[in-house]
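1. Model the following, please.
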Amino acid sequence: MAFNSYLFWLFFVVVIGLYRLLPHRGQNRMLLVASYIFYGAWDARFLLLIAISTLVDFLVAQRITAAPNRTLARRWCALSVTVNLGILGVFKYFDFFTTSFASFLESFFNYQTDPVTLNVILPVGISFYTFQ
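-> Predicted coordinates:
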């Protein structure tokens, strides 16, 4: 669903209308569902990816809130950052590092190997929602 399509504007009007009709607790949930629908309309294969990221961040936020001290809260935060950067790293840099490592082995050790690559399209907005 492109931003300049009629479908997007219809979706946008429906979301705004629902948002205004719902109580505050329902507004946040509806926006989450609408975000998943919008993201899934672009490429449904990556819905699981954003759902995992959301779930990890939600569960870690609960642990941070319940943490008895700042040290434990920081460790939970570090876990969330590590998971999210790990997801970003795999999708954005995995192919680069495996092909570079294969070139390194061939150049310095005359060892030829076919690098393992994921050959996947980079999920739309992965850097944005990772760093947001």
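
2. Distance check, Ser103 against Phe97.
-> To Phe97, Ser103 is 11 Å away according to CB to CB, to the nearest Å. Quick note: C-beta positions are derived from backbone N, CA and C, even for glycine.

3. ditto for Cys77
-> Computed with CB to CB, the distance linking Cys77 and Phe97 is 26 Å.

4. between the two, who's got more neighbours?
-> Cys77 (16 against 12; other CB atoms under 10 Å).

5. Helix or strand: which one has that one?
-> For Cys77, the enclosing helix or strand under DSSP states H and E is helix 70-109.

6. One more: Tyr36?
-> In the assignment (DSSP H and E), Tyr36 maps to helix 24-42.

7. Equivalent analysis for Ser53, please.
-> Counting by DSSP H and E, Ser53 is part of helix 47-66.

8. other SSEs contacting that helix?
-> Helices and strands touching helix 47-66, by 3 or more CB pairs under 8 Å, 6 or more residues apart in numbering; DSSP states H and E, are helix 24-42, helix 70-109, helix 126-131.

9. Nearest to Phe8, out of these?
-> helix 24-42 (8.2 Å; CB to CB).

10. Output the contacting helices and strands for the closest one.
-> Using 3+ CB pairs under 8 Å, 6+ apart as the contact test, the elements touching helix 24-42 are helix 6-21, helix 47-66.

11. Just name the most buried of those helices.
-> A comparison of the helices and strands packed on helix 24-42 by mean neighbour count, using mean count of other CB atoms under 10 Å, puts helix 47-66 on top with a mean of 14.
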